[in-house]
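K.L.:
Fold the following and give me the result.
(one chain, ligands or ions: 2)
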Amino acid sequence: MPDQKTHKVAVVAIGGNSLIKNAEHQSVEDQYDAARETTRHIADMIEAGWEVAIGHGNGPQVGFILRRSEIAARVEGMHEVPLDVCGADSQGAIGYALQQNLQNWLFQRGIHKDVATVVTQVLVDRDDPAFQKPSKPIGGFMDEGEARRRETAMGWSVVEDAGRGWRRVVASPLPKEVVELDTVRALVNAGVVVITVGGGGIPVIDTGNGVYAGTAAVIDKDYASSLLAQSIGADLFLISTAVEKVALNYGKPEQRWLDRITVSEAKRYLEEGTHFAKGSMAPKIQAIIWYLEAGGKHAIITTPENIGRALRGDTGTHIVRDRARRR
Ligand code: ADP
Ligand code: MG
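P.N.:
Numbers count the residues shown, from 1 in each chain. Ligands and ions are numbered 1, 2, ... in the order given. I've put the predicted structure just below:
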């Protein structure tokens, strides 16, 4: 069947700054306000004709849910909430804030478009080497005794964290497949704005013959959004974060902001290792490289408020395929 799409499709990955502006603004109401601000710019995109699928982070939110669970267990003996379920909870709550705000903006503009959040699982490889060296700290601090008890009783990996106490660490495996992909694709093709792969998706493994089970891990949200963009053949992969542009030699005297680079240049800069910080910008650049190498056309990194200007080519860092540059 011929492709029925009349509009271009964008995957927009929104970062932590779209939900929590700073340490003084972390309440649910503050997060709602931040979501309202970011979704305004996404509504602009939609008004300009884009079909949009939204991915988002959930690090602090999962941290809050886990902490409530731990405190409730300690104080009242309530059951604890497993990490994959915390991820599902966060997808629902964050999706709700984004979905309602976006619906309100679209309604105000007279745009008749549905918005829906899909609780999304992402398949990871149970043999992913990341499971051999869990590195992502989650949840609160413990003393050594409790850390050791949980290590034995619950199979947790625990580490001593820079003299501050003991913490649980989990693996950060690579995303292999968006489990609800067909649903997401059908919704996008039907003109629905979809919020999906929240927090990188709920990590699940195939325990055999396609039987999925949640696993205590964390998937990078930029990687998961990249996989989504590749899987639905998005025309644009836009990463909305706290910086208007990406820099070379970030934070150093010789820092230089980038307007437009090719995928080859991106790979070279990433390999040089000095430009993009490991836990923040490097995964975004890697996510974009994977998207472009899989046939993607155009990727942008910018802030929420600069999305419109970046789409007009006036700002942001644009990463394109090698050939496109000479045009
Ligand atoms: P998000 O929640 O959107 O994933 P991150 O904090 O993980 O945000 O990543 C964005 C941050 O990366 C920026 O706010 C900036 O401080 C940092 N960063 C690291 N290296 C660079 C770079 N080379 N250019 C621009 N920003 C960089
Ligand atoms: Mg990040």
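K.L.:
going forward, measure contacts and count neighbours with C-alpha atoms only.
P.N.:
Noted.
K.L.:
so which strand or helix has the closest residue in space to Lys21 that isn't next to it in sequence?
P.N.:
With sequence-adjacent residues excluded and distances taken as C-alpha to C-alpha, 6 or more residues apart in numbering, Lys21 is closest to Ala34, at 7.0 Å. Ala34 belongs to helix 28-47 when assigned by DSSP states H and E.
K.L.:
what residues does whichever helix or strand comes after that helix touch?
P.N.:
Toward the C-terminus, helix 28-47 is succeeded by strand 51-56 as the next helix or strand (DSSP H and E). Strand 51-56 is contacted from outside by 7-16, 46, 188, 191-200, 221, 225, using C-alpha atoms under 8 Å, 6 or more residues apart in numbering.
K.L.:
so how far is ligand 1 from Ile289?
P.N.:
In this structure, Ile289 and ligand 1 are 15 Å apart, going by C-alpha to the nearest ligand atom, to the nearest Å.
K.L.:
hey, where'd the helices end up in the chain?
P.N.:
Here the chain has its helices, by DSSP state H, at 28-47, 59-76, 83-108, 144-154, 181-189, 221-231, 263-272, 281-293, 307-311.
K.L.:
Buried residues, the fourth one. List them.
P.N.:
Which is helix 144-154. Residues Ala147, Arg148 are the ones in helix 144-154 that count as buried (16 or more other C-alpha atoms under 10 Å).
K.L.:
average pLDDT across that helix?
P.N.:
Throughout helix 144-154, pLDDT has a mean value of 93.
K.L.:
list the helices and strands it packs on?
P.N.:
strand 157-160, strand 166-170 (3 or more C-alpha pairs under 8 Å, 6 or more residues apart in numbering; DSSP states H and E).
K.L.:
Direction included, what does the first one pair up with?
P.N.:
Strands flanking strand 157-160 in the sheet, each with its direction: strand 166-170 (antiparallel) (DSSP bridges).
K.L.:
Other residues contacting the strand it pairs with?
P.N.:
Here strand 166-170 makes contact (C-alpha under 8 Å, 6+ apart) with 131, 134-144, 147, 156-161, 216-218.
K.L.:
That one - what's its average pLDDT?
P.N.:
For strand 166-170, the mean pLDDT works out to 93.
K.L.:
Keeping just the C-alphas, turn it into CSV.
P.N.:
Provided in CSV are the C-alpha atoms of strand 166-170 (Å, rounded to 0.1, in the frame of the first residue of the first chain):
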residue,chain,number,x,y,z
TRP,A,166,25.9,2.6,49.9
ARG,A,167,23.6,2.6,46.9
ARG,A,168,22.0,0.2,44.6
VAL,A,169,23.3,0.3,41.0
VAL,A,170,21.5,-1.1,37.9
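K.L.:
from the middle of its chain, how far away would that strand be?
P.N.:
The chain centroid and the centroid of strand 166-170 are separated by 21 Å under C-alpha atoms, centre = their mean, to the nearest Å.
K.L.:
likewise stretch 89-96?
P.N.:
On C-alpha atoms, centre = their mean, the centre of stretch 89-96 falls 13 Å from that of its chain.
K.L.:
And the contacts of that stretch?
P.N.:
Under C-alpha under 8 Å, 6+ apart, the answer for stretch 89-96 is Asn58, Gln61, Val62, Ile65, Thr117, Val119, Ile195, Gly198, Gly199.
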